[in-house]
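Colleague: heads up, no residue letters with this:
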């Protein structure tokens, strides 16, 4: 730990035969999976607000959560009583009221600025994934 890359170190003060192994990780401070302990940059795997993937704590693709801009509202209020069979995100400015059935293997996300009401008849099948969040949207 002399602050110099010497001997057979891979980078300064890690790797090689005499130092601790180097840690490879995301060094982008704006990424969801930023690793301040990483010695070797591997930003290919950084989870960011512009990677086209819903990851980290994002509530939609590249939106919502702590680091990204709020998601766009798809409607002011949303009322639904259908079977949701495919992956979907619903972002309502105010309220979502639902008595939906979330089908097997579906991944459904409800985000509303004020409230989410799950009415009698609302059902989530065994292998479905359902997330409800009260969070602002644009």
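Modeller: That came in fine, so what should we check first? Just so it is clear, the model here is predicted, and its values are computed rather than measured. Numbering: from 1, shown residues only.

Colleague: gap between the nearest residue to residue 69 once chain neighbours are set aside and residue 50?
Modeller: Leaving aside its sequence neighbours, residue 69 sits nearest to residue 63 (Cβ to Cβ, 6 or more residues apart in numbering; 5.8 Å). All C-beta spots, glycine's among them, are computed from the backbone N, C-alpha and C. Relative to residue 50, residue 63 is positioned 10 Å away (criterion: Cβ to Cβ, to the nearest Å).

Colleague: Next up, phi/psi of the residue nearest to residue 69, please.
Modeller: When read as degrees, to the nearest 10, the backbone of residue 63 gives phi -150, psi 160.

Colleague: which ones are touching it?
Modeller: 49, 69, 70, 71, 72 (Cβ atoms under 8 Å, 6 or more residues apart in numbering).

Colleague: can you tell me which of the residues you listed are in helices?
Modeller: Using DSSP state H, no member of the contacts of residue 63 falls in helices.

Colleague: Quick one, which of the residues you listed are buried?
Modeller: Taking 16 or more other Cβ atoms under 10 Å as the criterion, what is buried in the contacts of residue 63 is 49, 70, 71.

Colleague: and stretch 33-46, how far from the chain's centre?
Modeller: Relative to the chain's own centre, stretch 33-46 is displaced by 17 Å; criterion: Cα atoms, centre = their mean, to the nearest Å.

Colleague: What residues of that stretch count as buried?
Modeller: 34, 35, 38, 39, 46.

Colleague: least confident pick among the residues you listed?
Modeller: Minimum pLDDT for the buried residues of stretch 33-46 is recorded at residue 39 (77).

Colleague: Might you report the residue contacts of that residue?
Modeller: 10, 11, 12, 14, 15, 22, 23, 24.

Colleague: Residue 61 too?
Modeller: Counting by Cβ under 8 Å, 6+ apart, residue 61 has contacts 52, 53, 54, 89.

Colleague: Pretty sure residue 126 sits against residue 105.
Modeller: No: with contact defined as Cβ atoms under 8 Å, residue 126 and residue 105 do not form a contacting pair (9.6 Å).
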